[in-house]
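Participant: build me a model from this:
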Amino acid sequence: MRQAWISKEDPLPLLRQCALAGVCRATYYGHQHPRPADAEETLLLRLLDEEYTRHPFLGSRRMVPFLRERGWVVNRKRVQRLMQRLGLAGMVPGPHTSRPHPEHRVYPYLLRGVAITRPNQAWSTDITYLRLARGWGYLVAIIDWYSRKVLTWRLSNTLEVGFCVDSLQEALRRFGVPEIFNTDQGSPFTSEAFIAVLKALPIRISMDGRGRAADHIFVERLWRTVKYEDIYLKDYETLAQVQTGLKTYFAFYNGERRHQSLGYQTPDQVYLTGQGGGARIIDKFDRPSALAPPLEDTAPGNTQQVCC
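Facilitator: Prediction:
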């Protein structure tokens with residue numbers, strides 16, 4: 001992580017070190033002296049996160065009665081604010097569910113109807129909120145659509161773009177260049193720093209439609225799996241503990257956890273052999289994408305069709 005480049009023992013002033021590392025001073029000091037989170041707000045975030053993980057189609061309107069049934073006096077505006085903070089959006093198109101920076105370019109979605117038939121044909125990334133006993137953090141991951149392999153991941157206590165760029169650069173360095181790279185329209189992924197890395201290489205940039213969580217369904221499923229199989233069970237207190245725990249979990253996820261959609265192979269096996277994976281996003285409301293290959297070009301086997 002970029003914060004590791006900064007040292008109080010270095011003769012260079014901390015302000016200059018932060019500037020060279022591309023890290024905000026508030027981020028650096030936040031890692032050194034994390035502030036305790038408001039107990040009520042943390043509990044609300046935890047409830048919203050867990051309920052959304054169970055039912056990702058729920059939006060703020062339906063989250064309000066969910067919380068009120070549990071004794072919380074909340075209105076929709078507050079729930080919307082908390083869900084935006086978590087980066088959550090119900091799987092139904094609607095206004096203001098994804099907020100790109102007003103000055104950042106948004107790219108079209110390129111994967112609807114396209115058969116994913118090989119590793120490195122399409123990668124995707126997303127950020128999820130992690131509730132901790134002493135606060136919260138954010139996790140970004142990059143996955144290969146064909147194999148579901150988690151290529152790289154990073155943690156941060158802020159939504160600054162640096163940890164996303166670091167994860168992207170590591171993935172490109174270790175696994176080569178994908179044909180298509182898909183993100184949502186969140187400001188970290190539409191930022192100049194992130195887009196510049198992609199545009200420097202022969203990569204086609206794809207972005208989900210506003211309010212369409214189903215456009216990155218495979219990352220959403222990854223978050224559900226990670227949280228139920230690790231985060232919620234371990235109840236981590238600090239980001240340092242999460243870092244250690246997820247390093248072990250993702251090694252298990254890629255190398256040992258067998259996926260039904262992959263014919264009970266592991267993501268590592270499918271990624272290395274190029275056999276047994278695949279996907280196709282089908283929108284029942286739209287006409288097939290002009291980018292979609294004919295059905296006879298789809299690789300046989302376990303190509304998974306997701307209707308959204």
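Participant: ok, and the closest non-adjacent residue to the residue nearest in space to the middle of the chain?
Facilitator: Nearest to the mean C-alpha position of the chain, by Cα atoms, centre = their mean, lies residue 126 at 1.9 Å. Nearest non-adjacent residue to residue 126, counting by Cβ to Cβ, 6 or more residues apart in numbering: residue 219, 4.0 Å away. No exception for glycine: its C-beta is placed from N, CA and C like everyone else's.
Participant: what's the burial count for residue 75?
Facilitator: By other Cβ atoms under 10 Å, the residues close to residue 75 number 10.
Participant: and it, how far from residue 59?
Facilitator: The spacing between residue 75 and residue 59, counted by Cβ to Cβ, to the nearest Å, is 14 Å.
Participant: repeat for residue 237
Facilitator: Note on residue 237: its distance to residue 59, by Cβ to Cβ, is 31 Å.
Participant: same drill for those two, tell me which one is more crowded.
Facilitator: Per other Cβ under 10 Å, whichever of residue 237 and residue 59 has more neighbours is residue 59, with 21 against 12.
Participant: need the helices for the stretch 151-300 of the chain, in chain order.
Facilitator: 162-175, 187-190, 192-199, 217-226, 232-234, 239-255, 267-273 (DSSP state H, counting those that start in this stretch).
Participant: circling back: who's in contact with the residue nearest to residue 126?
Facilitator: Counting by Cβ atoms under 8 Å, 6 or more residues apart in numbering, residue 219 touches 124-126, 141, 143.
Participant: restricted to strands, list these.
Facilitator: The strands, defined by DSSP state E, take in 124-126, 141, 143 from the contacts of residue 219.
Participant: make a markdown table out of those and add distance to residue 85 and pLDDT.
Facilitator: Below are these laid out as a markdown table (distance: Cβ to Cβ, whole Å; pLDDT from 0 to 100):
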| residue | distance to residue 85 | pLDDT |
| --- | --- | --- |
| 124 | 22 | 95 |
| 125 | 19 | 95 |
| 126 | 15 | 92 |
| 141 | 19 | 97 |
| 143 | 24 | 97 |
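Participant: list just the nearest of those to residue 206.
Facilitator: Nearest to residue 206 among those, counting by Cβ to Cβ, is residue 124 at 8.5 Å.
Participant: how about that closest one: what's its closest non-neighbour residue?
Facilitator: Spatial nearest neighbour of residue 124, excluding adjacent residues (Cβ to Cβ, 6+ apart): residue 182 at 4.4 Å.
Participant: surely residue 109 meets residue 185?
Facilitator: No: here residue 109 lies out of contact with residue 185, judged by Cβ atoms under 8 Å, at a distance of 9.9 Å.
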